[in-house]
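**Q** Predicted model and sequence below, questions to follow.
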Amino acid sequence: MAQEKQYIVSTSPHAHSGASVHRIMLDVIIALLPAVAASVYFFGWQALRITAVCIISSLAIEAISRKMMGRNLGIGDLSAVVTGLLLALNLPPSLPSWMAIVGCIFAIGIAKQLFGGIGYNPFNPALVGRVALLVAFPVAMTKWNDALNPDRWSGLAWAVDATTTATPLGAVKTALSNTGVIPTDLLMSSKSMINYMLGDMSGSVGEVSAIALIIGGIYLLWRKCISWHIPVAFIGTVAIFAGILHAVNSDTNMPISFHLLSGGLMLGAIFMATDMVTSPITKKGMLVFGVGCGLLTMLIRRWGGYPEGVSFSILLMNAVTPLINRATHPRIFGHVAKKAKTGVNDK
Amino acid sequence: MNIVKALFKSQGGIHPKYNKELSRDKKIETMPIAPLLKVSMSQHLGAPAKPLVKKGDLVLRGQQIGEAAGFISANVHAPTSGTVKAVAEAPTAIGAKIPAIEIEPDGEDKWIDGISGIQDWKNADNKELIAKIAEAGISGMGGAGFPTHVKLSPPPNKPIDTLIINGAECEPYLTADHRLMVEHAAEIRTGIEIIRKILSVKTVRIAIESNKPESIEAMNKALADIDGDVEIAVLKTEYPQGAEKQQIFAITGKEVPSAGLPMDVGCVVENVGTTLAIQDAIINGKPVTERVTTVTGNPVTSPKNVLVRLGTSYTDLLEFCGSTKNDVAKIISGGPMMGFAQPNLDVCTTKTTSGLLFLAPKEVYNYESMPCISCGRCVEACPMNLMPSELSFMLEAEEFAEAQELNVMDCIECGCCSFSCPAHRPLVQHMKQGKAWVMLQRRKKQ
């Protein structure tokens, strides 16, 4: 008799959707491509340099730290590429490369791998990297290039700082603390609103072009990599908060559109706050999370020491994610208010 | 008679590849009796039946060879006439070893004397009808195998107002119920009328998924002139719309309470195959000796819907379908979502064998699992609204008691979570482990 054939025996289900972490990460990368393209257009070589440095060093640090910790060398899930890319998009274009590498060490080595690797990090790794750099190198981290600087494609821009300027949010903060009122040239004309939408302003590599980020966000929604809850709650809360402040006193508070388009809100709300690992798992929890991020962002922007609060607000909300999850467990099917609804569950 | 869309939609659910086209249009074929039948004493949920025959006995088709052992149990009958070769343990689809009666058919296929139905069932006493159903050994033919006579005898404090006939067949690949509805709609109608009388319910809903227009059409035709509140409820094509609790919700909007039964919300759900068996028992007096099962999968030479005698080995069943033309990596008794993988083809058909599925190597997934990335897809997919990711974490750490607190027992093991997980975590597998632990604790306490 022929040798008996061996069949695979496992418990059900015997079918799978084909979804994978690799594919989700790839989708995030694809979704970020418009923002990367916009950043290269506005900031030239600098944007390309910082993006490449962050991705390559993130992968290297992921591999090295996994080896040091005796984990298998699983960098194929692309999560390190996503972290590197997101960190790059959160940095000023002129940041020296070695500082960017330090940021990657914080992001991947400390915030991610020290906590157990993918899935186990409580805080968004890219934001930890950014905030670590902000604390360590406050000057370099707040030096901003002009968008569309004519030198952005010259060899010089690669080596030397371009002319630097304040971000729109930074300019407002400085003006408010100096004079108590907003300079008229900052109050948005319709032209500057379109510029902000497209990304023609100074800021982090990837935060400037709202339109590119929104295109990426739509792609992620379509691919079901994110749901609308966090971005809508986050952006909506900022809009409402800003609207109230502006209505109360338009001399000291910028209009809604400025708050929505001028800083890191779009990047934060669409790509950072929606990080699966560090945000709540339930839809209700996501709404709570998004509202919390929005409130903290506006509190920091309006009353805090920093001009921008998106990164801090997301990190603070990351810290309460487990609590939000716990508090927003969905009602299990069949756990009805038993007597009231069915009246017959009287075993 | 109306065709209506199901009013409600329970949360969660998934859309696997259905692959029903392999066998959907294949008429039911009657398989010749195999050279040896091994009739298991455990063809239903509950205690295995007690063998009533011994080696050397001559049996006739329809002769009772196993007696229900306890309240939740069911009789077993000889699928054909022949000689009992042995009463020995044999493997079942779930891997347990259960006594089975081996019958060598004599080729005559002679029915036992005295097979007769209850012609005047409309005026018969319900007790008599239920006794007939119990005698015929009918148990749920959708898969779980709950003894039907028990289901049809709800305690008096549980009034039943709605009968749901489950023709959803939401498991991918399977088409047996579909064919039954297409080819035996009139008999199913009689079955429905019998059950309706027994339960004395007014409302009847025939639940069919929207991907079976032919079934809907056939049932609609057969039921055209039926009196009373009878409707075909078209369910959204989504797994697991055939699951009892989800189906009741889709049709009535009522949630079966946790740890409760459909009768707690006034419902009884019967599978179409069971309904047909009830018709056969009451009208023709025939006990369950055969069933329709789907033999399918890409490696199978000619996938079929087969009317097969109980106790036919999977080997013979596959042979009837022309064996396999390509490599097989996995054999599944039942559908791909909740069926049982088989190490070989030794197991024999029972009343619950809804299908036999063969998967090619490239159709079998074999992933290494990763840490959970909290994407929430399992939470979104879970039709019970559980948080499989969280429960899985706990169960992985063997924190069974805590998982019990978080209602692991509400899991219906549909597998939507594992199906959806991008990290390929064995979520439902963890849940099954957790449920087994809880059951063990309960048994220890007793």
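**A** The structure has been received and is ready for your questions.
**Q** Can you find the helix or strand in chain B with the smallest mean pLDDT?
**A** When each helix and strand of chain B is scored by mean pLDDT, DSSP states H and E, strand B:2-5 comes last, with a mean of 86.
**Q** Low-confidence regions, chain A specifically.
**A** A:1-4, A:73-75, A:155-164, A:184-191, A:337-347 (pLDDT under 70).
**Q** Quick check: closest non-adjacent residue to the residue nearest to the spatial centre of it.
**A** Central residue of chain A (Cα atoms, centre = their mean): residue A:272, 2.1 Å from the mean position. Nearest non-adjacent residue to residue A:272, counting by Cβ to Cβ, 6 or more residues apart in numbering or on different chains: residue A:314, 5.4 Å away. Using the backbone N, CA and C atoms, a C-beta is placed for each residue, glycine as well.
**Q** The one you found: what's it in contact with?
**A** A:124, A:127, A:268, A:272, A:273, A:293 (Cβ atoms under 8 Å, 6 or more residues apart in numbering or on different chains).
**Q** between those residues, which is closest to chain B?
**A** The shortest approach to chain B among the contacts of residue A:314 belongs to residue A:124, at 12.2 Å (Cβ to the nearest Cβ).
**Q** What separation do you get for the closest one and residue B:412?
**A** 35 Å (Cβ to Cβ, to the nearest Å).
**Q** More neighbours: those two, which one.
**A** Per other Cβ atoms under 10 Å in any protein chain shown, whichever of residue A:124 and residue B:412 has more neighbours is residue A:124, with 30 against 20.
**Q** right, and the residue nearest to the centre of chain A touches residue A:87 too?
**A** No. Residue A:272 is beyond contact range of residue A:87, at 10.2 Å (criterion: Cβ atoms under 8 Å).
**Q** Give me the common contacts of those two.
**A** With Cβ under 8 Å, 6+ apart, residue A:272 and residue A:87 have common neighbours residue A:126.
**Q** correct me, but residue A:221 touches residue A:227?
**A** Yes. Residue A:221 lies in contact with residue A:227 (Cβ under 8 Å); the separation is 7.4 Å.
**Q** Now for those two: what residues contact both?
**A** With Cβ under 8 Å, 6+ apart as the test, residue A:221 and residue A:227 reach no residue in common.
**Q** check contacts around residue 129.
**A** I went with chain A, as the question did not name one. Contacts of residue A:129 (Cβ under 8 Å, 6+ apart): A:83, A:87, A:90, A:103, A:104, A:105, A:106, A:107, A:108, A:111.
**Q** That was the other one, I meant chain B.
**A** B:118, B:121, B:194, B:197, B:198, B:282.
**Q** is it true that the second one touches residue B:283?
**A** Yes. The pair residue B:121 and residue B:283 qualifies as a contact (Cβ under 8 Å) at a distance of 7.3 Å.
**Q** which of the two has more neighbours?
**A** residue B:121 (20 against 17).
**Q** what's whichever helix or strand comes after the least confident helix or strand of chain B packed up against?
**A** The helix or strand immediately downstream of strand B:2-5 is strand B:28-30, counting by DSSP states H and E. If you count contacts as 3 or more Cβ pairs under 8 Å, 6 or more residues apart in numbering or on different chains; DSSP states H and E, strand B:28-30 packs onto helix B:176-183, strand B:304-309.
**Q** Tell me which of these sits nearest to residue B:267.
**A** Closest to residue B:267 of the helices and strands packed on strand B:28-30 is helix B:176-183 (Cβ to Cβ; 18.9 Å).
**Q** any idea of the mean pLDDT in the next helix or strand after the closest one?
**A** Using DSSP H and E, the helix or strand that follows helix B:176-183 towards the C-terminus is helix B:185-199. On average, the pLDDT along helix B:185-199 is 96.
**Q** so what secondary structure elements neighbour helix B:185-199?
**A** Going by 3+ Cβ pairs under 8 Å, 6+ apart, helix B:185-199 lies up against helix B:126-135, strand B:162-167, strand B:203-209, helix B:213-222, strand B:267-271, helix B:272-283.
**Q** Apply 7 Å and report the result again.
**A** helix B:126-135, strand B:162-167, helix B:213-222, helix B:272-283 (3 or more Cβ pairs under 7 Å, 6 or more residues apart in numbering or on different chains; DSSP states H and E).
**Q** can you state the direction angle for the longest one and helix B:126-135?
**A** Orientation of helix B:272-283 against helix B:126-135 (axes from the mean of the first three to the mean of the last three Cα atoms, to 10 degrees) gives an angle of 120 degrees.
**Q** still on that earlier bit, spatially, which pair of the contacts of residue A:129 is furthest apart? Let me know, please.
**A** Checking these with Cβ to Cβ, the most distant pair is A:90 and A:105, at 15.3 Å.
**Q** Quick check, the residue in the stretch 51-200 of chain A closest to chain B?
**A** Counting by Cβ to the nearest Cβ, the stretch 51-200 of chain A gets nearest to chain B through residue A:119 (3.2 Å).
**Q** So what's the residue count around that residue?
**A** 20.
**Q** Quick check: it is in a strand.
**A** No. Counting by DSSP: H, G, I helix; E, B strand; the rest coil, residue A:119 falls outside a strand, being coil.
**Q** Helix, strand, or coil at the nearest residue to it once chain neighbours are set aside?
**A** Counting by Cβ to Cβ, 6+ apart, the nearest residue to residue A:119 once its immediate chain neighbours are dropped is residue B:371, at 3.2 Å. With three-state DSSP as the basis, residue B:371 sits in coil.
**Q** was I right about residue B:371 contacting residue B:423?
**A** Yes. If you go by Cβ atoms under 7 Å, residue B:371 and residue B:423 touch, sitting 6.5 Å apart.
**Q** Between those two, which is the more surrounded one?
**A** Neighbours per residue, other Cβ under 10 Å: of residue B:371 and residue B:423, the larger number sits with residue B:423, 24 against 15.
**Q** Next, find the distance separating that one from residue A:278.
**A** 15 Å.
**Q** Check residue B:57 too.
**A** 69 Å.
**Q** Looking at those two, which is more packed in?
**A** Neighbours per residue (other Cβ under 10 Å) separate residue B:57 from residue A:278, with residue A:278 holding more: 25 against 17.
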